[in-house]
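Participant: Could you look at this predicted model? Sequence included:
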Protein chains: 4
Amino acid sequence: MNKVKVGIAGLGRLGAVHAENIAFKIPGAQLMAACSVVDAELDYARNELGAQEVYRDFKQMLEHADIDAVAIVTPNTEHCRQITDAMLAGKHVFSDKPLGVSIEECRQVKKTIAECPEKVFFLGFMRRYDSSYAYAKQKIEEGKIGVPYLVKATSLDPEAVVEGCIRYSASSGGIFIDSGSHDIDLMRWFLGSDVTEVFAAGTTVKHMEFQDVGDCETGCVIYRFANGSLGMGHSGRIAPHGYHIETEIIGTEGHLRIGSIPEKNKAMLYNKDGAVVECVENFPQRFEEAYLLEMQEFISCIQEGRKPGVTAEDGVKAIETAYAVTQSFREGRPVTLSDHEDPI
Amino acid sequence: MNKVKVGIAGLGRLGAVHAENIAFKIPGAQLMAACSVVDAELDYARNELGAQEVYRDFKQMLEHADIDAVAIVTPNTEHCRQITDAMLAGKHVFSDKPLGVSIEECRQVKKTIAECPEKVFFLGFMRRYDSSYAYAKQKIEEGKIGVPYLVKATSLDPEAVVEGCIRYSASSGGIFIDSGSHDIDLMRWFLGSDVTEVFAAGTTVKHMEFQDVGDCETGCVIYRFANGSLGMGHSGRIAPHGYHIETEIIGTEGHLRIGSIPEKNKAMLYNKDGAVVECVENFPQRFEEAYLLEMQEFISCIQEGRKPGVTAEDGVKAIETAYAVTQSFREGRPVTLSDHEDPI
Amino acid sequence: MNKVKVGIAGLGRLGAVHAENIAFKIPGAQLMAACSVVDAELDYARNELGAQEVYRDFKQMLEHADIDAVAIVTPNTEHCRQITDAMLAGKHVFSDKPLGVSIEECRQVKKTIAECPEKVFFLGFMRRYDSSYAYAKQKIEEGKIGVPYLVKATSLDPEAVVEGCIRYSASSGGIFIDSGSHDIDLMRWFLGSDVTEVFAAGTTVKHMEFQDVGDCETGCVIYRFANGSLGMGHSGRIAPHGYHIETEIIGTEGHLRIGSIPEKNKAMLYNKDGAVVECVENFPQRFEEAYLLEMQEFISCIQEGRKPGVTAEDGVKAIETAYAVTQSFREGRPVTLSDHEDPI
Amino acid sequence: MNKVKVGIAGLGRLGAVHAENIAFKIPGAQLMAACSVVDAELDYARNELGAQEVYRDFKQMLEHADIDAVAIVTPNTEHCRQITDAMLAGKHVFSDKPLGVSIEECRQVKKTIAECPEKVFFLGFMRRYDSSYAYAKQKIEEGKIGVPYLVKATSLDPEAVVEGCIRYSASSGGIFIDSGSHDIDLMRWFLGSDVTEVFAAGTTVKHMEFQDVGDCETGCVIYRFANGSLGMGHSGRIAPHGYHIETEIIGTEGHLRIGSIPEKNKAMLYNKDGAVVECVENFPQRFEEAYLLEMQEFISCIQEGRKPGVTAEDGVKAIETAYAVTQSFREGRPVTLSDHEDPI
């Protein structure tokens, strides 16, 4: 089977994770090209990852590089434009989430993707590919928890990321979009339904700068779904113990809880403080496997002519819902998905 | 030290727990009298608990029995009236929660209690006396989690109680009052602040009778507190694994989580299903110790002339808040504690 | 039902636990008399426990006190003599373990006990009454683990007890007797068989005084049982995290593990160190419930004319086995239970 | 940096794991050649792994293939001969453990390896590279547990492997060699000392065929180390819940326990049985990461001119110790490492 030739755009922290997976860890893929506005990243791509061609311009890469597919790991504001350009250039496209930064551009790019049915579009909701989340989905499909009717989601960043969160708050859209959209996607996936109404509340107690940028440090959300299910979300940015992603799916015959202790590994230390389990520090540690498995699935879809489980529609819904949550937080009232407006 | 002589009113399931604690397990207490409308309960009190006097009428017991204190474990609708009668008769009073069933009667009984400052009034929010909750409170006071700013509470009854819940739904006031008021009290206690606004949503997926009585099977709540803190509550009535009470207090420097696995004991079974921990089945199992410790504290307060940590005001606030939650659930909008009305 | 009148001998740390249980927490028992050579303990018994009669001499108590039963919680060297005197005086007897300090006296007292079949003799292997251990036994009897064929036991004292262990090492008999005999009893109970051979090794790395008294800080033992089962024991005296008692019963269809984390309560703290569970500090904390339940069972046996599950034979076997282990440790060779001699 | 060209010998279950790691997951390695006596395996190597050359004879591969290094994953009886041939042919060598099947051949191959100091020899004690074990080693080196003085090791195969264990019992050497040698290596690594004496006992309760081949189903071992430390080992072959590898390192200031629950992933299911964690089924699941990391380290050592942490000496010591354990099991007496003889 021929290797899928991939060009990557963006080689920041997460971009490097994807690039190394493509270059070294996926038998069916080859990292042919890289695109970045940072010279050091291009050097890294050429010298350490073996990318044969490097570009400073995304369109140049699309036109000139010998590639079948692109992986887009650029700032969120670039996603829709680059997805569009790549699809129209006949490439398979992997894009990091979110799909985009405005609902309008998300809906537009969804149409473009629909017009290229022969190409694979893959949106990086990597949690679906984490072995624990995939296991939960499988158990649900096997009926082990009966009918799922509530998902409780916790997404806590370690305090170490606060500075970055504040700096990028405007472009990231704030906590309910940046962190919440992962949880929204999981809820939709597990519950098999769309959100109809949200209510959100937020608070800031330690880093008041979050307030200054219209964001909050901690957010709580209640979601109503079309099929009568509910969701509860808790996002935060000052977890004292590390990076804590926890999800519970409540069903009529069982509950599934993932990540109750975000342990770094299988070791427990008994010392004068008690029984101590060290926790993961950041998302690359927690989702290392998921990032690899999602990219593997992207490549397999291309090779096997399949469509991935996650779609552009999932990306649109996540953004629409996250914006409704943000609006609810700002206006202090429940917001229905049909009545809310595009806040950007 | 002379033993405190106690008369108990109500010898149902929880009444019997309290009666046996008073009769046998608290050195400073003596079960002198019992009051019930059920003959079998009076026989039990006389023959098995050694109560010297038994009554079918509460006021008769107040007038004639040789008692210093009463323990009220009757239906919720009796609490306020019996507390009032007992305080006015010069007795120390322990009352099971809730304080009452209408906000008006709760406010009134609070005044009555305030007019009897020389008597001990104790409201049975027993969770505060559970060793794990008391430990959490102590750790918070020691500063181990910095400033607490969010409490997440889960209170799930096992499915075995569904029939009773539905039957008593009208008198219990529904899930947000029956189950939620414990969580509200814990939130206020841990956060040191009062609730200003609530938003609730509920769903019913298995036992539709809950809908018929205006109640729900599962409820989710967001609470705002005066000091900027938040609360999230999840109450349910069909837990497949047992009686699950879990509480997490989120602070700036640490989180405290209590009851993540409601294990029955310290044994784990490794078998073909994996590693399995059996769970507690009901509230008497889970809070056996707490029921004893709260009654012990009631007796100690009487003997030492102290006032307990939990007050009539706590009872009023719990009811006011739980009613606002119920109203929010029914009206589908956020309800502020100042604007809501007494729903009964 | 008339209360069983009890006289207690010994009011040290564990004696006080038993005395308070008898005095206050067991409906069917009454603490009538107490015996101690320490005046303060007698004052405590009279003033705080309500003992009507106090004695400095055990025989005096037997002759004069109005008691049906005695609880012996004196130094190990007194047990056999006091059990004998009490049985011959027609009393029911509860004795703290071990049964005695020499095999010869244990065998002799067993005969005496057998000659008083109408009296209850109860040996304080309290772990059997701990709810987790009792649960394990029940699960085994229900066949949940198939045929049990190996027990792994860990008994670690916190380092806080080192000084006492060294001081009492001579009279306690050392680690394999003091700590190991509990594990031996559990192994025999769970496996339903007697030990035929033992091999022990010990080491001392921190408190070399253990070596000076012929004892060790940490001991490891392999036990062979008559029915082909095996046992592994690990005893230690310098646990950094608290009092750690852990037992695993390995069966053909399941394993049962008790006490893998000796948590103080149900709270977990997430802080900069990770997820932290504080541990119990000492045996009264860990076995508070078991001490009460075993005494309750002693009283119930008397009231109901039953014999307890634990017998004098269990006491003899535990001592014989523990001595064989000690001999193996000292001689560095396997010791069979039939060939070893009484080391005292 | 040029890729290290590797030829693999043996493409059974574990061989395939290594081959795929070399072929696809290690940037610095290239799977050039494969050697097997099974045609289907050679087809697999050529067609799925992209091996350019395949051989039925190991020496042919050494002579003709364009390789820098070989990975030996053949039956244990081949290891020493193939290591010798490969070292003398000037290749770097990775060999699966054990080093060999007789002490004499192990000592001999160690000499051969020592005579090729410019070549990397790597012995596949993969557990050292598992992230939890590597973490434990690092914590020990940082002094987090003070002085380690006891290691407790549990290595339980699932019952699914019983048939294979019995069939290969003769060539594998039995449970103490096959399963125990991993534990011996970990003990030596964590304790920094060599074993001086062992005592072993075994039992068979379910599959009596183990007895017929002079092996046992469950083995228990006590190890004494030269520096006064101790070890306890428990190996078994009928774990009902899966593949259970657990190790505890006991130190003067802390204990480290790895793998107390061999969970398959981070999901917990709460259902009618309680809280349930599914367990890993086999060694490839449990040590998937370790197999990759050890091979990565082998390649890095070659590229960087380093020697790995694990040496031929470690392989000799593991075999010598495991044979002494087997001898102790068979003779029912402690065996010192200096007096025991080569049992083969």
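Facilitator: Everything's here; your move.
Participant: list the helices and strands whichever strand or helix holds A:His18 packs on?
Facilitator: Secondary structure from DSSP states H and E places A:His18 in helix A:13-20. Applying 3 or more Cβ pairs under 8 Å, 6 or more residues apart in numbering or on different chains; DSSP states H and E, we find helix A:13-20 packed against strand A:4-9, helix A:39-47, strand A:92-96, helix A:283-304. C-betas here are computed from N, CA, C, even on glycine.
Participant: So for chain B, which of those sits nearest?
Facilitator: Chain B lies closest, by Cβ to the nearest Cβ, to one member of these: helix A:283-304, at 17.1 Å.
Participant: Would you tell me which residues of chain A are close to chain B?
Facilitator: A:146-147, A:149-150, A:152, A:199-203, A:205-206, A:218, A:220-222, A:224, A:228-230, A:232, A:234, A:236, A:238-241, A:250-255, A:260, A:332-334 (Cβ under 8 Å from any Cβ of the partner chain).
Participant: What remains of those residues if I keep only buried residues?
Facilitator: Buried members of those, counted by 16 or more other Cβ atoms under 10 Å in any protein chain shown: A:146-147, A:149-150, A:152, A:199-203, A:205-206, A:218, A:220-222, A:224, A:229-230, A:232, A:234, A:236, A:238-241, A:250-255, A:260, A:334.
Participant: The residue lying farthest from the centre of chain A - nearest residue in space that isn't next to it in sequence?
Facilitator: The outermost residue of chain A, judged against the average C-alpha position, is A:Lys272 (39.1 Å), by Cα atoms, centre = their mean. The spatially closest residue to A:Lys272, leaving aside those adjacent along the chain, is C:Pro240, at 5.6 Å (Cβ to Cβ, 6 or more residues apart in numbering or on different chains).
Participant: before we move on, what about A:Pro148?
Facilitator: Closest residue to A:Pro148 apart from its sequence neighbours, by Cβ to Cβ, 6+ apart: A:Gly251 at 4.3 Å.
Participant: Enumerate every residue touching the one you found.
Facilitator: Applying Cβ atoms under 8 Å, 6 or more residues apart in numbering or on different chains to A:Gly251 gives the contacts A:140, A:145-149, B:240.
Participant: And it, how close does it get to B:Arg237?
Facilitator: Counting by Cβ to Cβ, to the nearest Å, the gap between A:Gly251 and B:Arg237 amounts to 14 Å.
Participant: ok so, going back, what's in contact with the helix or strand following the helix holding A:His18?
Facilitator: Downstream of helix A:13-20, the first helix or strand assigned by DSSP H and E is strand A:29-35. For strand A:29-35, contacts defined as Cβ under 8 Å, 6+ apart pick out A:3-11, A:19, A:22-23, A:41-42, A:45-46, A:49-58, A:60-61, A:65-67, A:295, A:299.
Participant: Might you list the low-confidence residue ranges for the stretch 1-150 of chain A?
Facilitator: Across the stretch 1-150 of chain A, the ranges flagged by pLDDT under 70 are A:1.
Participant: What residue in it comes nearest to chain C?
Facilitator: For the stretch 1-150 of chain A and chain C, the shortest gap (Cβ to the nearest Cβ) falls at A:Ser132, measuring 16.7 Å.
Participant: That residue: how many residues sit nearby?
Facilitator: 22 (other Cβ atoms under 10 Å in any protein chain shown).
Participant: which helices and strands does the strand or helix carrying it pack with?
Facilitator: Per DSSP H and E: A:Ser132 is located in helix A:131-141. Judged by 3+ Cβ pairs under 8 Å, 6+ apart, helix A:131-141 is in contact with helix A:180-191, strand A:244-251, strand A:255-258, helix A:283-304, strand D:267-271.
Participant: Toward the C-terminus, what is the element adjacent to it?
Facilitator: Criterion used, DSSP H and E; the element after helix A:131-141 is strand A:148-158.
Participant: Counting neighbours, what do you get for the spatially closest residue to A:Ala65 that is not a sequence neighbour?
Facilitator: Closest residue in space to A:Ala65, ignoring its immediate chain neighbours: A:Ala33 at 3.8 Å, by Cβ to Cβ, 6+ apart. Look at A:Ala33: counted by other Cβ under 10 Å, it has 23 neighbours.
Participant: Now do the SS call for the nearest residue to A:Val109 once chain neighbours are set aside.
Facilitator: Spatial nearest neighbour of A:Val109, excluding adjacent residues (Cβ to Cβ, 6+ apart): A:Cys80 at 4.4 Å. Three-state call for A:Cys80 (DSSP: H, G, I helix; E, B strand; the rest coil): helix.
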